[in-house]
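Below are the sequence and a predicted model for it; my questions follow.
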Number of protein chains: 2
Amino acid sequence: MRAKSNDDRPSSRPAVLEDVAALAGVSAMTVSRALNAPERVQVETRARVLAAVRELGYRPNAAARQLVTGRSGVLGVVSIDTPLYGPVSTLYSIERAARLNDYSVSIASLSTLNRRSIEESLRQLQSQLVDGVIIVAPHESAADGLRHLRSKIPVVAVDAGAGLPVPVVMVDQRAGAARATKHLLDLGHGTVWHLAGPADWIDANGRVEGWRETLEAGRHPVPEVLRGDWSSRSGYQLGRHLARDPEVTAIFAGNDQMALGVLRALREAGRRVPEDVSVVGFDDIPESAYFWPPLTTVRQDFEEVGRHAFHVLLDRLAGRPSQIRRLVEPELIVRESTATAPR
Amino acid sequence: MRAKSNDDRPSSRPAVLEDVAALAGVSAMTVSRALNAPERVQVETRARVLAAVRELGYRPNAAARQLVTGRSGVLGVVSIDTPLYGPVSTLYSIERAARLNDYSVSIASLSTLNRRSIEESLRQLQSQLVDGVIIVAPHESAADGLRHLRSKIPVVAVDAGAGLPVPVVMVDQRAGAARATKHLLDLGHGTVWHLAGPADWIDANGRVEGWRETLEAGRHPVPEVLRGDWSSRSGYQLGRHLARDPEVTAIFAGNDQMALGVLRALREAGRRVPEDVSVVGFDDIPESAYFWPPLTTVRQDFEEVGRHAFHVLLDRLAGRPSQIRRLVEPELIVRESTATAPR
DNA sequence: GATCGATGTGTTAGCGTTAACAAACAGTGG
DNA sequence: CCACTGTTTGTTAACGCTAACACATCGATC
């Protein structure tokens, strides 16, 4: 009990449980119960307590509660600090799902994902006493870190490779790439060139696999993979090579930005889209509907990814069993950058 | 002291101060000092303590520390949940600055910024015991919330209007818009049309002002402002109107996405860029160098904005006086979408 | 050689909350 | 009418840390 437990209420200091208890004429424990387990307190008592809470503007002290319960109601999210559409959308959707469930979110953004950086940020989040962590790990280099996790707290990965000792939630990249490729083949193109994202990105490699499998399944020749870095610049540079080759009539770019660069390279080379060459992107960023021409692309439902990741983590926290690999279906959005093959 | 203070170390339970103290043969207080005020402990003792800390893998319990010191080392960031380049870059740069200074960052992303939503998220962050809050408030509607803050903890705003009772850090939008406009006037254009962002965005209005002032200063006619919504779609729609008017030879778009839509509208109307019409954007998103043609635009240094915001907040936390309004200088990036006026 | 300050370390008492147990009370059934 | 159950409330003791003070020890000072 406070030294000065007299009747003044110096609103300078925030109200604590004891103040509420005094005002309501009950013990501190009853107040605690009225707030955390309302059914264990008589209706009338609870009403008095809640009135006192409101009058004093009482807010429970998170640190004290956490010290005794061991739970903080805080979720850690480890992410990569690029302003790329995918990772950002995922981060926000996780935050939204968490807040809807009265969790708050503490972020650790990393410029590179590897074992050291992941362990470091995990340590930092742990000493902040987060209840669980979601790692957005779109890099292959993160696998090493995820494989050797020896964290006590539950971890869920988003956009991570297979065969890891943690649950993974992600968009089915292979299915998305397969749909994009099949769309082009169905339009009569002999084969599809693929402009991939960096080899150390999980998503990039998943898309390469989906593309390759689809070509092979239809016995189409498989051109060499071209590696970009997600930027329009790299799409442009690689696009200039492709533009020179008259054989090339269908290009599947690993994301919309690279597709934008390709569109520019083709135009500069005098090749029309979609009359001479068809182009498909990936992501469906808000701009892609306004590219020239509007881009056929693959939409990923990040909202669903975030929601799932959060709920899988909740399951872990509650000790419930949960799926260890959850794939979200992507959707092909057909616009004007694709058409039947020339001739 | 723990009930079972015998010599076993059940590594099941994480080590606490007392365990370290026992191993090092000192009192808990000495361990605390060795970690928080190393100069107040003898060199040799400190070495023993640190060795014990390492051996046990001891990490201080944040909740306990916070309960007694009243400080958490956590910073709240209230932001808007769009994947737009500006707000996202700002968020990441704040996070980076914070982490470099051993603060962690808890985010609250809102879909709308108004008095109610700001107060609500501030309450939530406060009950999480953050030491201070940075509000990224690019909406006019946030002003009402910021004006009536009665929060006990320090608050700094980013991208907020003038005349508020909190320190504000932001890019100088008027200067940026003035530079863009002047660039076009210097190229001989009679006047400049402006395609503004939504009227409820601070930045959009700052750019309108900078544009208008520059035109008026040079006694150029001031065309009616066209209002878009930052999207390529709106840029395209408004651009189609402008494309029909042969008087229009210079367009300043409120951001790069809208500029992209304008480029498309002009091209569809058969008007060449930059030969017939010059176009300037704002933001310098990574793609804008790969638009067709590459876009002249205004670059904002978000990294610096984040750094400043964090340090102003640190000043507040330390009770030091700080600037109440800090403007970061934008930079004009000239590319190929602008040229001397036709005729 | 008593007094002082400086230096290093220990002791005590909380910070605000909840788990665990204890107590008071009413109703129930034999 | 008494033990026995269940419901509601209170009491106590942590949770892990640090502020504040207390206590040694040492050399320097007059």
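Received it, and whenever you're ready, just let me know what you need. Numbers count the residues shown, from 1 in each chain, chains lettered A, B, ... in the order given.

Wondering if stretch A:130-144 reaches chain B at all.
No. Contact of stretch A:130-144 with chain B (Cβ under 8 Å from any Cβ of the partner chain) is absent, the minimum separation being 9.5 Å. To be clear about C-beta, it is placed using only N, CA and C from the backbone, and glycine gets the same treatment.

Buried residues of the one helix or strand residue A:52 maps to, list them for me.
In the assignment (DSSP states H and E), residue A:52 maps to helix A:43-56. Within helix A:43-56, the residues scored as buried using 16 or more other Cβ atoms under 10 Å in any protein chain shown are A:45, A:46, A:48, A:49, A:50, A:52, A:53, A:56.

Just the buried residues of the helix or strand following it, please?
Next along the chain after helix A:43-56, taking DSSP H and E as the criterion, comes helix A:62-69. Using 16+ other Cβ under 10 Å as the test for burial, helix A:62-69 gives A:62, A:63, A:64, A:65, A:66, A:67.

May I see these arranged in CSV, with pLDDT as well?
Below are these laid out as CSV (pLDDT from 0 to 100):
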residue, pLDDT
A:62, 95
A:63, 96
A:64, 96
A:65, 95
A:66, 95
A:67, 95
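
contacts with DNA strand D among the buried residues of helix A:43-56, please.
residue A:45 (Cβ under 7 Å from any atom of the strand).

just the buried residues of helix A:43-56 that are near chain B?
Checking these against chain B (Cβ under 8 Å from any Cβ), there are no matches.

Strands along the stretch 101-250 of chain A, start to end?
A:104-110, A:132-136, A:155-158, A:168-171, A:193-196, A:226-227, A:250-253 (DSSP state E, counting those that start in this stretch).

any residues touching the host helix or strand of residue A:311, and which ones?
Per DSSP H and E, residue A:311 falls inside helix A:302-317. With Cβ atoms under 8 Å, 6 or more residues apart in numbering or on different chains as the test, helix A:302-317 has contacts from A:75, A:86, A:89-98, A:101, A:103, A:131-132, A:134, A:154, A:156, A:158-159, A:167, A:169-171, A:321-323, A:326, A:328.

Now, the residues you listed that are in helices?
A:86, A:89, A:90, A:91, A:92, A:93, A:94, A:95, A:96, A:97, A:98 (DSSP state H).

possible to save those residues as CSV with neighbour count?
Output for the ones in helices among the contacts of helix A:302-317, formatted as CSV (neighbours: other Cβ atoms under 10 Å in any protein chain shown):
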residue, neighbour count
A:86, 25
A:89, 22
A:90, 27
A:91, 28
A:92, 24
A:93, 23
A:94, 30
A:95, 23
A:96, 19
A:97, 24
A:98, 25
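
Quick one, which of those has the minimum pLDDT?
Least confident by pLDDT among these: that is residue A:86, with 91.

List the contacts of the closest residue to it other than its chain neighbours.
Among residues not flanking residue A:86 along the chain, residue A:283 sits closest, at 6.3 Å (Cβ to Cβ, 6 or more residues apart in numbering or on different chains). Residues in contact with residue A:283 (Cβ under 8 Å, 6+ apart) are A:85, A:86, A:255, A:256, A:297, A:298, A:299, A:300.

Quick one: buried ones out of these?
Looking at those with 16+ other Cβ under 10 Å, the buried ones turn out to be A:85, A:86, A:255, A:256, A:297, A:298, A:299, A:300.

ok, the residues you listed vs DNA strand C, which is closest?
residue A:86 (38.5 Å; Cβ to the nearest atom of the strand).

separation between residue A:182 and residue A:333?
From residue A:182 over to residue A:333 the distance is 14 Å, taken as Cβ to Cβ, to the nearest Å.

Residue A:268: how many residues sit nearby?
By other Cβ atoms under 10 Å in any protein chain shown, 13 other residues sit near residue A:268.

Go ahead and confirm it touches residue A:243.
Yes. Between residue A:268 and residue A:243 there is a contact under Cβ atoms under 8 Å: 7.4 Å.

Run through the helices of the stretch 151-300 of chain A in chain order.
Ranges of helices within the stretch 151-300 of chain A are A:173-186, A:202-217, A:232-244, A:256-268, based on DSSP state H, counting those that start in this stretch.

could I get the ones you listed as CSV with mean pLDDT and distance to residue B:207?
Output for these, formatted as CSV (pLDDT from 0 to 100; distance: least, Cβ to Cβ, whole Å):
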stretch, mean pLDDT, distance to residue B:207
helix A:173-186, 98, 37
helix A:202-217, 97, 35
helix A:232-244, 95, 24
helix A:256-268, 95, 24
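
Can you give me the neighbour number for the spatially closest residue to residue A:148 that is not a sequence neighbour?
Setting aside the residues directly before and after it, residue A:148 is nearest to residue A:115 in space (Cβ to Cβ, 6+ apart), at 6.5 Å. A count of nearby residues for residue A:115, using other Cβ under 10 Å, gives 16.

For residue A:115, give me its contacts.
A:144, A:145, A:148.

and the stretch 201-343 of chain A, which residues reach chain B?
Going by Cβ under 8 Å from any Cβ, the residues of the stretch 201-343 of chain A near chain B are A:231-233, A:235-236, A:257, A:260-261, A:263-264, A:267, A:286-287, A:289-292.

buried subset of those residues?
Among those, those classed as buried by 16+ other Cβ under 10 Å are A:231-233, A:235-236, A:257, A:260-261, A:263-264, A:267, A:286-287, A:289-292.

re the thing from before, and of the strands of the stretch 101-250 of chain A, who's closest to DNA strand C?
With Cβ to the nearest atom of the strand, the closest approach to DNA strand C among the strands of the stretch 101-250 of chain A belongs to strand A:104-110: 16.3 Å.

Could you list the paired strands of that closest one along with their orientation?
The sheet places strand A:104-110 alongside strand A:74-80 (parallel), strand B:104-110 (antiparallel), with pairing taken from DSSP bridges.
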